[in-house]
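Asker: show me how the following folds:
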Amino acid sequence: MSGLVLKDLLSLRRYLKSSAAFLLIYDIIFIAVDQASSAIGVTIFILASLHLSAAAYDESSRWDGYAQSLPVTHSQIVLSRYLTAGISSLAGLIVGSILFAVNIAVHGFTQEQIAASFGAILAVIPVTILVQIFTLPLIYRFGVQRARLFIVLGYALAVALLILSVPFLTGALSTIGSITLGAVAVVLILVVGTVVSFRISCRIYEARR
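Answerer: Numbering: from 1, shown residues only. This is a model prediction of the structure:
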(Lines give C-alpha, C1' and ligand atoms only; values in the text may rest on other atoms or scores of the structure.)
Protein backbone atom coordinates (compact mmCIF):
# COMPACT_ATOMS: atom_id res chain seq x y z
CA MET A 1 0.00 0.00 0.00
CA SER A 2 2.95 2.30 0.55
CA GLY A 3 3.50 2.08 -3.20
CA LEU A 4 0.07 3.61 -3.77
CA VAL A 5 0.94 6.58 -1.56
CA LEU A 6 4.30 6.95 -3.30
CA LYS A 7 2.49 6.94 -6.65
CA ASP A 8 0.31 9.85 -5.48
CA LEU A 9 3.32 11.82 -4.24
CA LEU A 10 5.27 11.27 -7.45
CA SER A 11 2.31 12.39 -9.55
CA LEU A 12 2.30 15.70 -7.64
CA ARG A 13 5.88 16.69 -8.46
CA ARG A 14 5.01 19.12 -11.26
CA TYR A 15 2.15 20.65 -9.28
CA LEU A 16 4.41 21.07 -6.25
CA LYS A 17 6.99 22.99 -8.26
CA SER A 18 4.45 25.57 -9.48
CA SER A 19 2.79 25.79 -6.06
CA ALA A 20 6.14 26.25 -4.31
CA ALA A 21 7.03 29.18 -6.60
CA PHE A 22 3.70 30.88 -5.90
CA LEU A 23 3.83 30.25 -2.15
CA LEU A 24 7.40 31.49 -1.86
CA ILE A 25 6.51 34.86 -3.39
CA TYR A 26 3.22 35.08 -1.49
CA ASP A 27 4.74 34.21 1.89
CA ILE A 28 7.66 36.63 1.48
CA ILE A 29 5.29 39.50 0.70
CA PHE A 30 2.87 38.83 3.56
CA ILE A 31 5.56 38.16 6.16
CA ALA A 32 7.33 41.35 5.07
CA VAL A 33 4.17 43.35 5.83
CA ASP A 34 3.69 41.49 9.13
CA GLN A 35 0.68 39.44 8.00
CA ALA A 36 2.03 36.02 8.88
CA SER A 37 -1.40 34.62 9.76
CA SER A 38 -2.57 35.14 6.16
CA ALA A 39 0.61 33.56 4.78
CA ILE A 40 0.26 30.59 7.11
CA GLY A 41 -3.43 30.09 6.34
CA VAL A 42 -3.08 30.16 2.55
CA THR A 43 0.03 27.94 2.62
CA ILE A 44 -1.66 25.27 4.73
CA PHE A 45 -4.79 25.38 2.58
CA ILE A 46 -2.88 24.88 -0.66
CA LEU A 47 -0.64 22.10 0.65
CA ALA A 48 -3.55 20.31 2.34
CA SER A 49 -5.42 20.29 -0.99
CA LEU A 50 -2.77 18.26 -2.82
CA HIS A 51 -4.89 15.12 -2.63
CA LEU A 52 -7.36 16.75 -5.03
CA SER A 53 -4.66 17.03 -7.68
CA ALA A 54 -3.66 13.41 -7.11
CA ALA A 55 -7.29 12.32 -7.52
CA ALA A 56 -7.67 14.41 -10.68
CA TYR A 57 -4.50 12.87 -12.14
CA ASP A 58 -5.79 9.35 -11.47
CA GLU A 59 -9.13 10.21 -13.03
CA SER A 60 -7.62 11.68 -16.20
CA SER A 61 -5.27 8.70 -16.65
CA ARG A 62 -8.03 6.16 -15.84
CA TRP A 63 -5.80 4.66 -13.18
CA ASP A 64 -8.66 2.89 -11.39
CA GLY A 65 -8.94 0.38 -14.21
CA TYR A 66 -5.28 -0.57 -13.81
CA ALA A 67 -5.62 -0.66 -10.02
CA GLN A 68 -8.02 -3.60 -10.28
CA SER A 69 -5.15 -5.78 -11.52
CA LEU A 70 -2.96 -4.98 -8.53
CA PRO A 71 -2.71 -7.26 -5.44
CA VAL A 72 -4.41 -4.70 -3.19
CA THR A 73 -7.89 -4.52 -1.77
CA HIS A 74 -10.41 -1.77 -2.42
CA SER A 75 -10.06 -0.55 1.16
CA GLN A 76 -6.29 -0.28 0.74
CA ILE A 77 -6.72 1.81 -2.40
CA VAL A 78 -9.08 4.15 -0.56
CA LEU A 79 -6.87 4.22 2.52
CA SER A 80 -3.87 5.25 0.42
CA ARG A 81 -5.73 8.35 -0.75
CA TYR A 82 -6.63 9.24 2.85
CA LEU A 83 -2.98 8.78 3.80
CA THR A 84 -1.99 11.10 0.96
CA ALA A 85 -4.45 13.67 2.31
CA GLY A 86 -2.98 13.23 5.78
CA ILE A 87 0.57 13.66 4.51
CA SER A 88 -0.44 16.83 2.65
CA SER A 89 -1.99 18.21 5.85
CA LEU A 90 1.16 17.31 7.79
CA ALA A 91 3.24 19.11 5.15
CA GLY A 92 1.02 22.15 5.59
CA LEU A 93 1.48 22.02 9.36
CA ILE A 94 5.28 21.77 9.05
CA VAL A 95 5.57 24.61 6.54
CA GLY A 96 3.12 26.71 8.56
CA SER A 97 5.23 26.18 11.68
CA ILE A 98 8.35 27.22 9.76
CA LEU A 99 6.61 30.41 8.62
CA PHE A 100 5.59 30.97 12.24
CA ALA A 101 9.25 30.79 13.30
CA VAL A 102 10.38 32.99 10.40
CA ASN A 103 7.85 35.65 11.34
CA ILE A 104 9.15 35.69 14.93
CA ALA A 105 12.72 36.01 13.66
CA VAL A 106 11.80 38.92 11.37
CA HIS A 107 9.38 40.89 13.52
CA GLY A 108 10.32 39.84 17.03
CA PHE A 109 8.49 38.08 19.82
CA THR A 110 5.19 39.78 20.70
CA GLN A 111 2.12 38.25 22.30
CA GLU A 112 -0.20 39.56 19.58
CA GLN A 113 1.87 38.07 16.76
CA ILE A 114 2.22 34.75 18.52
CA ALA A 115 -1.51 34.56 19.19
CA ALA A 116 -2.47 35.50 15.61
CA SER A 117 -0.02 33.10 13.93
CA PHE A 118 -0.65 30.21 16.32
CA GLY A 119 -4.39 30.84 16.08
CA ALA A 120 -4.17 30.60 12.28
CA ILE A 121 -2.43 27.23 12.52
CA LEU A 122 -4.93 25.86 15.05
CA ALA A 123 -7.85 27.05 12.93
CA VAL A 124 -6.68 26.14 9.43
CA ILE A 125 -5.41 22.60 10.05
CA PRO A 126 -8.67 21.22 11.54
CA VAL A 127 -10.78 23.04 8.95
CA THR A 128 -8.75 21.68 6.03
CA ILE A 129 -9.05 18.17 7.44
CA LEU A 130 -12.80 18.66 7.73
CA VAL A 131 -12.86 19.67 4.06
CA GLN A 132 -10.95 16.49 3.21
CA ILE A 133 -13.43 14.44 5.24
CA PHE A 134 -16.31 16.08 3.37
CA THR A 135 -14.91 15.98 -0.17
CA LEU A 136 -13.21 12.55 -0.40
CA PRO A 137 -16.45 10.50 -0.40
CA LEU A 138 -17.89 12.91 -2.98
CA ILE A 139 -14.83 12.43 -5.18
CA TYR A 140 -15.26 8.66 -5.03
CA ARG A 141 -18.97 9.01 -5.78
CA PHE A 142 -18.90 11.56 -8.60
CA GLY A 143 -15.26 11.98 -9.64
CA VAL A 144 -13.22 15.14 -9.29
CA GLN A 145 -14.77 16.95 -12.25
CA ARG A 146 -18.39 16.24 -11.37
CA ALA A 147 -17.79 16.89 -7.67
CA ARG A 148 -16.14 20.25 -8.38
CA LEU A 149 -19.20 22.23 -7.26
CA PHE A 150 -19.32 20.39 -3.93
CA ILE A 151 -15.56 20.89 -3.48
CA VAL A 152 -15.88 24.62 -4.10
CA LEU A 153 -18.80 24.74 -1.67
CA GLY A 154 -16.76 22.88 0.93
CA TYR A 155 -13.88 25.32 0.65
CA ALA A 156 -16.24 28.31 0.72
CA LEU A 157 -17.74 27.02 3.95
CA ALA A 158 -14.22 26.39 5.28
CA VAL A 159 -13.18 29.97 4.56
CA ALA A 160 -16.30 31.27 6.28
CA LEU A 161 -15.58 29.02 9.26
CA LEU A 162 -12.00 30.27 9.39
CA ILE A 163 -13.07 33.90 9.38
CA LEU A 164 -15.32 33.18 12.34
CA SER A 165 -12.93 30.91 14.24
CA VAL A 166 -9.58 32.72 14.06
CA PRO A 167 -10.62 35.67 16.30
CA PHE A 168 -12.20 33.22 18.74
CA LEU A 169 -9.10 31.02 18.86
CA THR A 170 -6.84 34.03 19.25
CA GLY A 171 -8.78 35.08 22.35
CA ALA A 172 -9.00 31.54 23.67
CA LEU A 173 -5.22 31.13 23.74
CA SER A 174 -5.08 33.02 27.02
CA THR A 175 -5.54 29.92 29.19
CA ILE A 176 -3.83 26.53 29.01
CA GLY A 177 -6.98 24.74 30.14
CA SER A 178 -9.11 26.05 27.31
CA ILE A 179 -6.42 25.17 24.75
CA THR A 180 -6.17 21.59 26.08
CA LEU A 181 -9.93 21.08 26.20
CA GLY A 182 -10.42 22.53 22.74
CA ALA A 183 -7.59 20.47 21.27
CA VAL A 184 -8.99 17.23 22.70
CA ALA A 185 -12.47 18.01 21.36
CA VAL A 186 -11.15 18.88 17.90
CA VAL A 187 -9.01 15.73 17.72
CA LEU A 188 -11.95 13.52 18.69
CA ILE A 189 -14.19 15.14 16.09
CA LEU A 190 -11.56 14.75 13.37
CA VAL A 191 -10.82 11.12 14.25
CA VAL A 192 -14.49 10.12 14.28
CA GLY A 193 -15.17 12.13 11.12
CA THR A 194 -12.23 10.54 9.30
CA VAL A 195 -13.32 7.01 10.23
CA VAL A 196 -16.90 7.66 9.08
CA SER A 197 -15.70 9.33 5.88
CA PHE A 198 -13.32 6.44 5.14
CA ARG A 199 -16.04 3.82 5.60
CA ILE A 200 -18.40 5.74 3.32
CA SER A 201 -15.67 6.08 0.66
CA CYS A 202 -14.93 2.35 0.85
CA ARG A 203 -18.58 1.45 0.30
CA ILE A 204 -18.86 3.86 -2.61
CA TYR A 205 -15.67 2.57 -4.21
CA GLU A 206 -16.71 -1.08 -3.84
CA ALA A 207 -20.16 -0.33 -5.28
CA ARG A 208 -18.60 1.39 -8.32
CA ARG A 209 -16.35 -1.58 -9.00
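Asker: so which residue is dead centre in this protein?
Answerer: Centroid-nearest residue in the chain, with CA atoms, centre = their mean: residue 48, separated by 2.6 Å.
Asker: what about it, distance to residue 56?
Answerer: 15 Å (CB to CB, to the nearest Å). In this view, the C-beta of every residue, glycine as well, is placed from N, C-alpha and C.
Asker: point to the helix or strand of the chain where mean pLDDT is at its lowest.
Answerer: helix 148-172 (a mean of 72; mean pLDDT, DSSP states H and E).
Asker: I'd like the next helix or strand past that helix.
Answerer: Note on helix 148-172: by DSSP states H and E, the next helix or strand toward the C-terminus is helix 176-208.
Asker: packing partners of that following helix?
Answerer: helix 74-107, helix 111-142, helix 148-172 (3 or more CB pairs under 8 Å, 6 or more residues apart in numbering; DSSP states H and E).
Asker: got the angle between it and helix 111-142?
Answerer: Angle of helix 176-208 versus helix 111-142, following axes from the mean of the first three to the mean of the last three CA atoms, to 10 degrees, is 20 degrees.
Asker: quick one on the thing from earlier: what is the burial count for the residue nearest to the residue nearest to the centre of the chain when sequence neighbours are not counted?
Answerer: Closest residue in space to residue 48, ignoring its immediate chain neighbours: residue 128 at 3.9 Å, by CB to CB, 6 or more residues apart in numbering. Around residue 128 there are 25 other residues, counting by other CB atoms under 10 Å.
Asker: roughly how far apart are residue 128 and residue 151?
Answerer: Taken as CB to CB, the span from residue 128 to residue 151 is 13 Å.
Asker: now do residue 88
Answerer: Applying CB to CB to residue 88 and residue 151 gives a distance of 15 Å.
Asker: more neighbours: these two, which one.
Answerer: Neighbours were counted for residue 88 and for residue 151 using other CB under 10 Å; residue 88 has more, 25 against 18.
Asker: so who does the more buried one touch?
Answerer: The neighbours of residue 88, taking CB atoms under 8 Å, 6 or more residues apart in numbering as the test, are 47, 48, 49, 50, 51.
Asker: try it again at 10 Å.
Answerer: 8-9, 12, 44, 46-54, 128, 132 (CB atoms under 10 Å, 6 or more residues apart in numbering).
Asker: need the pLDDT of the residue lying closest to it once chain neighbours are set aside.
Answerer: Closest residue to residue 88 apart from its sequence neighbours, by CB to CB, 6+ apart: residue 50 at 4.0 Å. pLDDT recorded at residue 50 is 85.
Asker: and for residue 173?
Answerer: 54.
Asker: helix, strand or coil for the residue lying farthest from the centre of the chain?
Answerer: Distance from the centre of the chain peaks at residue 69, with 30.0 Å (CA atoms, centre = their mean). When classified by DSSP: H, G, I helix; E, B strand; the rest coil, residue 69 comes out as coil.
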